[in-house]
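In: Provided below for reference: sequence and predicted model.
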Amino acid sequence: MRVLVSACLCGCRCTYRGGEHPRTELARLYAGGKVLPVCPEVLGGLPIPRPAAEICGGDGADVLAGRARVVTATGHDVTAAFLLGARRAADIALAAGIRSAVLKARSPSCGCGVIYDGSFSRSTRPGDGVAAALLRARGLRVFSDEEQEIFAREVLADAGD
Ligand code: SF4
């Protein structure tokens, strides 16, 4: 098993609203035992459902470096939970020898290359979420679930499908 996947893409109802973002292809790989689902926010101890949160003042790499925070719309600081969940997800990936990850687009944890910008207006900015940034720093290849061409070429090969 060489691919880590955002759990909400595989049918786990772990989003902040208690829902999911199912991707048929990933759910099929999960059913076949070929991908490992994780939810960094739940791994960090946050409940389902939970208040929406966004990175303010930077991106996931900035959060890892202590230059930005993750906050809810009411200003509650959940940075520590996001950092803990990112570390646990990365530890799981490395312990399992996983080389790549398919992660939910724009999430403050899982977003790859583009994330919500901290204004809670659905606007975006360049950057990774906290978990995506740490997985990338630990040497994994990280892809957004919206990168379909890369997914088909790279990730299915890693999953041995
Ligand atoms: S943290 Fe990642 S896996 Fe969990 S609900 Fe958010 S996008 Fe999905």
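Out: Yep, that arrived.
In: please make it C-alpha for all contacts and neighbour counts, starting now.
Out: Will do.
In: what pLDDT does the residue lying closest to Arg138 once chain neighbours are set aside get?
Out: Nearest residue to Arg138, sequence neighbours excluded (CA to CA, 6 or more residues apart in numbering): Ala90, at 7.4 Å. The model reports Ala90 with a pLDDT of 98.
In: helices and strands of this protein: which one has the lowest mean pLDDT?
Out: Across the helices and strands of the chain, mean pLDDT, DSSP states H and E gives its lowest value to helix 148-150, namely a mean of 69.
In: helix or strand right after that helix?
Out: Per DSSP states H and E, the first helix or strand lying C-terminal to helix 148-150 is helix 156-158.
In: by contact count, what packs against the longest helix along the chain?
Out: Ranked by residue count under DSSP state H, the longest helix found in the chain is helix 79-95. Secondary-structure packing of helix 79-95 (3 or more CA pairs under 8 Å, 6 or more residues apart in numbering; DSSP states H and E): helix 40-43, helix 60-64, strand 69-72, helix 130-137.
In: of those, which is nearest the ligand?
Out: helix 40-43 (4.5 Å; CA to the nearest ligand atom).
In: restricting to C-alpha, output that closest one in PDB.
Out: Only the C-alpha atoms of helix 40-43 are listed here, as PDB (Å, rounded to 0.1, in the frame of the first residue of the first chain):
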ATOM      1  CA  PRO A  40      -5.600  14.800   9.800                       C
ATOM      2  CA  GLU A  41      -8.100  16.900  11.600                       C
ATOM      3  CA  VAL A  42      -9.700  13.900  13.400                       C
ATOM      4  CA  LEU A  43      -6.200  12.500  14.100                       C
END
